[in-house]
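Trainee: no FASTA, just this:
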């Protein structure tokens, strides 16, 4: 489980979203709740390493939720973080973007594993 690179990517997503749940980049409580849900889904996905198809589906769900998280922020928050350069607490604004890139890399790794398993099944 831990030797798979996608597990490391998903663990970093878990860490970033857990930090975001406790240090939100917005005044909206829905952002913190959403980050907590994404962190929980990343943890669940890590332990589903034997069910790669389900892992891929949950990763796509995580990507959708990350996009939704940014959409909520831009729709409902009054201060945009890139315009508010004085406040230093807005560094967490990039966490969902980094998490999205990591989830995308995890999906690629899971697909590679799935192709490898299918090719080995053909040899038997």
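Mentor: Now that the structure is in, tell me what you want to look at. All figures in this text were calculated on a predicted structure; none of them were measured in a lab.

Trainee: Just give me the longest helix of this protein.
Mentor: With residue count as the measure and DSSP state H as the assignment, the chain has helix 95-123 as its longest helix.

Trainee: name the helices or strands packed onto that one?
Mentor: Identification of packing neighbours for helix 95-123 by 3 or more C-beta pairs under 8 Å, 6 or more residues apart in numbering; DSSP states H and E yields helix 5-22, helix 29-47, helix 52-76. Just so you know, the C-beta spots here come from the backbone N, C-alpha and C atoms, and that holds for glycine as well.

Trainee: what about those helices, which gets the closest to residue 106?
Mentor: helix 5-22 (4.0 Å; C-beta to C-beta).

Trainee: from the middle of its chain, how far away would the closest one be?
Mentor: Between the mean C-alpha location of helix 5-22 and the chain-wide mean there is a distance of 7 Å, by C-alpha atoms, centre = their mean, to the nearest Å.

Trainee: circling back: adding distance to residue 95, write the helices and strands packed on helix 95-123 out as TSV.
Mentor: Formatted as TSV, the entries for those read as follows, by distance: least, C-beta to C-beta, whole Å:
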stretch	distance to residue 95
helix 5-22	5
helix 29-47	8
helix 52-76	10
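
Trainee: so which of those comes closest to residue 99?
Mentor: Of all the helices and strands packed on helix 95-123, it is helix 5-22 that lies closest to residue 99, at 4.6 Å by C-beta to C-beta.

Trainee: quick one: that closest one to helix 29-47, angle?
Mentor: For helix 5-22 against helix 29-47, the angle between stretch directions is 160 degrees (axes from the mean of the first three to the mean of the last three C-alpha atoms, to 10 degrees).

Trainee: Buried ones in helix 5-22, by neighbour count?
Mentor: By neighbour count with 16 or more other C-beta atoms under 10 Å, helix 5-22 contains the buried residues 6-14, 16-18, 20-21.

Trainee: Check what contacts it and list those residues.
Mentor: The contact list for helix 5-22, computed with C-beta atoms under 8 Å, 6 or more residues apart in numbering, reads 1-2, 31-33, 35-36, 38-39, 42-43, 45-46, 49, 55, 59, 62, 92, 95-96, 98-99, 102-103, 105-110, 113.
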